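In: Got a sequence here, can you model it:
(2 chains)
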Amino acid sequence: MKQFVTRRLGYSLLSLLVLSLTIFFFVRVTGDPAALLVEPGASEDDIAAIHHKFGLDKPLWAQYGLFMMSLLRGDFGQSFYYQTPVLDLYFDRLPNSLLLALVAMAFSLAVGIPTGILAAVRVGRFWDSAGKLFALLGLSLPSFFVGLVLILLFSVYLGWLPSSGSGGVLHILMPAFALGWYFAAAHMRLTRSSMLEVLGSEYVKLARLKGLPQSWVIGKHAFKNALIPVVTLAGINLVLMINVAVVVETVFAWPGVGRLLYEGISFRDFPVVQGIVIMGGTMIVVVNLLVDVVYAVIDPRIRLEK
Amino acid sequence: MTVTTRRRDVLALAALGMAAGAVRPAKAAAPSGQLTVGVHITLAPTWLDPAETAGIITPFMVLYALHDAVAKPMPQGNPSPSLAESWSAGEDGLSYEFVLRKGAKFHNGEPVTADDVKFSFERYRGAAHGLLKERVAAVETPDPQRVVFKLKNPWPDFITFYTVASGAGWVVPRKYVEKVGEDGFKKAPIGAGPYKFVSFTPGIELVMEAFDGYWRKTPSVKRIVMKVIPDESTRLAALKNGEVDIAYSIRAELAEELQRTPGLTLRPTVGSAPYYMYFPEQWDPKSPWHDQRVRLATKFALDYNTINKALTLGHSHITGSVIPENFEFYEKLAPPVYDPDKARQLLAEAGHPGGFDAGFYTCDAAYANLGEAVINYLGEVGIRAKLRPLERAAFFKGYADKKYKNIIQGASGAFGNAATRLEEFVVKGGNYAYGSYPEIDELFPLQAVELDRAKRAAILTKMQHLLDDRTMYVSIWQLAFISGVGPRLAESGFGLIKGFVYTAPYEDITLKSA
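Out: Take a look at the predicted model:
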């Protein structure tokens, strides 16, 4: 077991190293941040001063070396645009993103799981078709479109909800719906397919043969096992909701990490983009590592794999 | 210490200063109400500190509220006396003296002194600071109300750079900055402007409250909240819903929607960014663009008014110039005329009766919609160009590196005056000049050392006419920035300061209910 965990930990660190390399060079391909901090026509001296200030006049390998050394000290650097430590910015925005992600996740599970179960139980009938239509719309309607329609309806025409910002319960309803909508459809599809698989298994047939009521078979025997892949996916989705809800947070001016990422990309604020991607990547790697370890505890065959 | 001054300047500027100060402390009603502004761009902490002012207009949106300058663009003039009630230049052009206004104070109650002005200048590290430091030999403070800038050589543009084209003239309290440090100042800035800092969430929201000790007048609105709403549609929805009173940057179809909405008002303001076509191959005898008639044909090919109506609801200005009309030494030229027949005739005379393939029309992707309209009109007369939109930074890098051919659609919103714009874009060695004309080049150094304003203006006027005569550029428009105003505002502040696209001065803004 110790060897298994050590090996997985090694893979995780390697993944983070590759991620740091990729994002470091990828953001630099997008162009020169100085050009976005001055007006067109600014003098060469002004642009050179910005390069010097942010260390962009150093060779690329030297910039990467400094970046990694800072990272190992837990320093994600200073934002070019905000001139504030990236971690301060990240942790200022994180509570808002967590709140939005949790509400959106609750909505997506509350909608996705029951509709998925209903579609699986009534497979090939009206509720299954309705569920498939819901999944199709959820996965194909872009969240910015859903967001704008919600704003038009509930803010502009009905005047019930604020169009943007944060601060109260009313502020979170529309962004949580717009963000959770896509994930509700994804959770519905996975719940449906997982339930269909479980409902066709021998032990469920046996439960039925024993004459147990349908609700008992579905709730007690099928649902619990069908839920495992859904919960695993929901964990990863929660990390995505926290870190990359870029469109929804931008449309609703929600002050979260996704909007910070959008600002970082817009201003070529390399440290901000790098910081958010590495924080998000770290969360995903940690979740995966935990899932691997839990699987290995449950199933000894996994930890014996080379 | 004695300073040689030119007294007629003193008198003229003192009169202007009196005009600016004439509105002073009339015991107005106490400030009340809240103004919420929906801002289109992310608010940065650097905007709270004048020392960090980059060469862009946006930080001034905040500076006009929190801080004040020795002199700055105001409704009375550009620049107009503010913390200084007057200034004067030495006869030899080597010194400038500013006399500070008595009674001006910072938000912590301390008076604004010459020492603060000197400290702020020396602390300044924003746009053009290298130029200012290179040319200013010393800053002297003979008494608490007087500041004297000593230059190394005569520099007629000193006032432009110190008061308009940079943040160097904006004043911060020395004692406070030294007490709290640089980071402490950005977290809780104290200025001498009409509004006091209350709170700031980077990128999200800035809250300010009226300063009743402001020298010019006590603001009418008690609280100003600047909320960043990045999405244009959401900004408009927030304005319609009454969540904000002002929504910056509402364009094209959304601007039309705003115009149709009862209670909302469209407020276009024309900034300092003329858009133009530039022909980098005009100095290459083998290129069709070498023939001036071809360049002139493009000028007659565009239906300027139709493009303006379609894209900016007719609010951009068709000036015919690449120098912003609000700049010092701007010379008004004859506006261009849409005459496609004349364009075809010129092309035929130049040996292109059936038109020609003009290659790429390279532009900043953010304004590709303008490029599309232009190449459609060029195509109508036979100039067949292909649109090549590039991401903004890449576009300007390629432009400055002189990599483009055929046609460039360029623009500049940089601060300055006609001379600074000509230096960058027209004369030999300019960052964006692919070539030049000797008759224009030889005039440039003459104006740079000319201390007589009238004579200097005459030289710069001549340069602008020569530029037009050679059809070096074809101006398309001076872009209008469109914002929306809600029903609660009596005076929004838009357009009060010429060439400034945001609302200001804040102390002039009034609410209907106030």
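
In: Please give the element, helix or strand, for the closest residue to chain B within the stretch 101-250 of chain A.
Out: Distance from chain B to each residue of the stretch 101-250 of chain A (C-beta to the nearest C-beta) is smallest for A:Ser163, at 4.2 Å. C-beta here means a position set from N, CA and C on the backbone, and glycine is covered the same way. Assignment of secondary structure by DSSP states H and E places A:Ser163 within no helix or strand.

In: same deal with B:Ala137?
Out: strand B:136-143.

In: for B:Pro389, same thing?
Out: Here B:Pro389 is assigned to strand B:383-390, by DSSP H and E.

In: coming back round to it: who touches the strand holding B:Ala137?
Out: Contacts to strand B:136-143, defined as C-beta atoms under 8 Å, 6 or more residues apart in numbering or on different chains, come from residues B:1, B:3, B:113-115, B:117-118, B:121-122, B:147-152, B:158.

In: for chain B, what are the nearby residues on the stretch 201-306 of chain A?
Out: Proximity of the stretch 201-306 of chain A to chain B (C-beta under 8 Å from any C-beta of the partner chain) is limited to residues A:250-253, A:255, A:259-260, A:262-263, A:266-268.

In: Serialize those to CSV and add fields for pLDDT.
Out: Listed next are those as CSV, based on pLDDT from 0 to 100:
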residue, pLDDT
A:Thr250, 92
A:Val251, 93
A:Phe252, 94
A:Ala253, 93
A:Pro255, 93
A:Arg259, 91
A:Leu260, 93
A:Tyr262, 90
A:Glu263, 88
A:Ser266, 83
A:Phe267, 83
A:Arg268, 87
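
In: out of those, what pair is the most spread apart?
Out: Spanning the widest gap among those are A:Phe252 and A:Arg268, at 24.1 Å by C-beta to C-beta.

In: Pairing partners for the strand holding B:Pro389, with directions?
Out: strand B:356-364 (parallel) (DSSP bridges).

In: Can you give the distance from the helix or strand following the strand it pairs with to the centre of its chain?
Out: On the C-terminal side of strand B:356-364, the nearest following helix or strand under DSSP H and E is helix B:368-381. Between the centre of helix B:368-381 and the centre of its chain there are 27 Å (C-alpha atoms, centre = their mean, to the nearest Å).

In: Same question for stretch B:171-190.
Out: Distance, stretch centre to chain centre, for stretch B:171-190: 27 Å (C-alpha atoms, centre = their mean).

In: got it, and stretch B:341-348?
Out: Here the centre of stretch B:341-348 is set off from its chain's centre by 36 Å, with C-alpha atoms, centre = their mean.

In: How about stretch B:321-329?
Out: Distance of stretch B:321-329 from its chain centroid, counting by C-alpha atoms, centre = their mean, is 10 Å.

In: neighbouring contacts of it?
Out: So stretch B:321-329 is contacted by B:78, B:160, B:270-274, B:276, B:317, B:319, B:330-333, B:416-419, B:421-422, B:425-426, B:456-457, B:460-461, B:464, B:467-468, B:473, B:475, B:478, B:498-499 (C-beta under 8 Å, 6+ apart).

In: got it, and stretch B:465-475?
Out: Under C-beta under 8 Å, 6+ apart, the answer for stretch B:465-475 is B:274-279, B:282, B:292, B:295-296, B:298-299, B:302, B:318-322, B:331, B:333, B:336, B:422, B:425-426, B:437, B:439-440, B:443.

In: re the thing from before, could I get the CA-only coordinates of the strand holding B:Pro389 as PDB?
Out: Output in PDB follows, covering the C-alpha atoms of strand B:383-390 (Å, rounded to 0.1, in the frame of the first residue of the first chain):
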ATOM      1  CA  ILE B 383      -9.700  48.500 -54.500                       C
ATOM      2  CA  ARG B 384      -9.900  44.900 -53.600                       C
ATOM      3  CA  ALA B 385      -8.500  44.300 -50.100                       C
ATOM      4  CA  LYS B 386      -8.600  41.400 -47.700                       C
ATOM      5  CA  LEU B 387      -9.300  42.000 -44.100                       C
ATOM      6  CA  ARG B 388      -6.600  40.800 -41.700                       C
ATOM      7  CA  PRO B 389      -7.700  41.400 -38.100                       C
ATOM      8  CA  LEU B 390      -5.000  40.700 -35.500                       C
END
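
In: one step back: just the buried residues of the residues of the stretch 201-306 of chain A next to chain B.
Out: For those, a burial check counting by 16 or more other C-beta atoms under 10 Å in any protein chain shown picks out A:250-253, A:255, A:259-260, A:262-263, A:267-268.

In: Now render the residues you listed as JSON lines, adding secondary structure and distance to B:Ala44.
Out: Listed next are those as JSON lines, based on DSSP: H, G, I helix; E, B strand; the rest coil; distance: C-beta to C-beta, whole Å:
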{"residue": "A:Thr250", "secondary structure": "helix", "distance to B:Ala44": "17"}
{"residue": "A:Val251", "secondary structure": "helix", "distance to B:Ala44": "22"}
{"residue": "A:Phe252", "secondary structure": "coil", "distance to B:Ala44": "21"}
{"residue": "A:Ala253", "secondary structure": "coil", "distance to B:Ala44": "16"}
{"residue": "A:Pro255", "secondary structure": "coil", "distance to B:Ala44": "15"}
{"residue": "A:Arg259", "secondary structure": "helix", "distance to B:Ala44": "14"}
{"residue": "A:Leu260", "secondary structure": "helix", "distance to B:Ala44": "13"}
{"residue": "A:Tyr262", "secondary structure": "helix", "distance to B:Ala44": "15"}
{"residue": "A:Glu263", "secondary structure": "helix", "distance to B:Ala44": "10"}
{"residue": "A:Phe267", "secondary structure": "coil", "distance to B:Ala44": "9"}
{"residue": "A:Arg268", "secondary structure": "coil", "distance to B:Ala44": "14"}
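
In: Now tabulate these in CSV and tack on distance to A:Pro59.
Out: Shown next, in CSV, are these (distance: C-beta to C-beta, whole Å):
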residue, distance to A:Pro59
A:Thr250, 35
A:Val251, 40
A:Phe252, 41
A:Ala253, 39
A:Pro255, 37
A:Arg259, 33
A:Leu260, 29
A:Tyr262, 30
A:Glu263, 28
A:Phe267, 23
A:Arg268, 19
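
In: Kindly indicate which of those lies nearest A:Leu152.
Out: Nearest member of those to A:Leu152, counting by C-beta to C-beta, is A:Val251, at 11.7 Å.

In: isn't that closest one right up against A:Ala178?
Out: Yes. Applying C-beta atoms under 8 Å, one finds A:Val251 in contact with A:Ala178, separated by 7.3 Å.

In: Could you tell me which residues touch both of these two?
Out: In contact with both A:Val251 and A:Ala178: A:143, A:147, using C-beta under 8 Å, 6+ apart.

In: Can you check what pLDDT the model gives B:Leu16?
Out: Here, the pLDDT recorded for B:Leu16 equals 43.

In: Show only the entries of the contacts of stretch B:465-475 found in strands.
Out: B:274-278 (DSSP state E).

In: who wins for neighbours among the residues you listed?
Out: B:Pro274 (27 neighbours; other C-beta atoms under 10 Å in any protein chain shown).

In: what's that one in contact with, if anything?
Out: Contacts of B:Pro274 by C-beta under 8 Å, 6+ apart are B:319, B:321-324, B:411-412, B:475-479.

In: cool, and B:Ala165?
Out: By C-beta under 8 Å, 6+ apart, the contact set of B:Ala165 is B:55, B:127-128, B:414-417, B:420.

In: ok, now how distant is the closest residue to B:Gly486 other than its chain neighbours from chain A?
Out: Residue nearest to B:Gly486 in three dimensions, not counting chain neighbours: B:Asp245, with 4.4 Å by C-beta to C-beta, 6 or more residues apart in numbering or on different chains. B:Asp245 is 14 Å from chain A, where distance means C-beta to the nearest C-beta, to the nearest Å.

In: Tell me which residues touch B:Asp245, please.
Out: Listed by C-beta under 8 Å, 6+ apart, the contact set of B:Asp245 reads B:35-37, B:239, B:485-486, B:488-489, B:511.

In: Taking the centroid of chain A, which residue is nearest it?
Out: Centre of chain A computed as the mean C-alpha position; nearest residue by C-alpha atoms, centre = their mean is A:Leu240, 0.5 Å away.
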